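S.K.: A structural model of the following input is requested.
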Amino acid sequence: MSITAFSPAYLADLSREATQSPRLRMNRNLHQSPAEVCQRLFNAIEPASYIRPHRHSQPAIVETIIAVRGAFLLVIFDDSGAILDTQRFGAGARAEAAGLAAGVLVAAGCWHTLVSLEPGSVFFEAKPGPFDPAAPREFAAWAPAEGSSDAPAWLAALRRGAEGRFA
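M.R.: Residues are numbered from 1 along each chain as shown. Sure thing, here's the model as predicted:
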């Protein structure tokens, strides 16, 4: 087949899977193998999902993230966990009416996290490969681990701390 279409039903199904996942997010890879030089995927994230701040510096990876449904907040941190910058982005009529960007480019080596701002939010991501699942992950030591009892409160505090930056 020469064309693969990503219908509204495809995206709704992915969002439904995210709501049923313990992590409240779900991704679908479009690349056939982690060895491919371009990693492409859709990621559905619900508002209560916590993505631990992380960075991609070894190897240096730039991420391109485009909203296809809903809205997101990208938060950039310094090495101690202070918020340096935020960027809201989204898709659809509400995002356009709010003047939101359609997507973001996340520089290699910067500490960051994404927060879903609306139920049913989905983004498309592209980044260089290959992906090595055995490579060490660079999670921020100043942020709680995913699944820890401290994670929900930390996410709530992050939302409050970033609120004035994107209100």
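
S.K.: quick one: low-confidence parts of the protein?
M.R.: Confidence mapping of the chain against pLDDT under 70 gives the ranges 1, 134, 136, 163-167.

S.K.: mind redoing it with 90?
M.R.: 1-4, 31-38, 56-60, 128-137, 159-167 (pLDDT under 90).

S.K.: max-length helix in it?
M.R.: helix 151-166 (DSSP state H).

S.K.: mind giving me the packing neighbours of it?
M.R.: In terms of contacts (3 or more Cβ pairs under 8 Å, 6 or more residues apart in numbering; DSSP states H and E), helix 151-166 is packed against strand 71-77, strand 83-90, strand 111-116. From N, CA and C alone the C-beta is placed, and that goes for glycine too.

S.K.: bridging residues for the residue nearest the centre of the chain?
M.R.: The C-alpha lying nearest the average C-alpha coordinate of the chain belongs to Leu114 (Cα atoms, centre = their mean; 4.3 Å). Here Leu114 sits in beta bridges with Leu74, going by DSSP bridges.

S.K.: helix, strand, or coil at Ala12?
M.R.: Counting by DSSP: H, G, I helix; E, B strand; the rest coil, the backbone at Ala12 sits in helix.

S.K.: ok so, going back, could you dump the helices and strands packed on helix 151-166 to TSV with distance to Tyr10?
M.R.: Shown next, in TSV, are the helices and strands packed on helix 151-166 (distance: least, Cβ to Cβ, whole Å):
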stretch	distance to Tyr10
strand 71-77	19
strand 83-90	19
strand 111-116	18
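
S.K.: cool, thanks, talk later.
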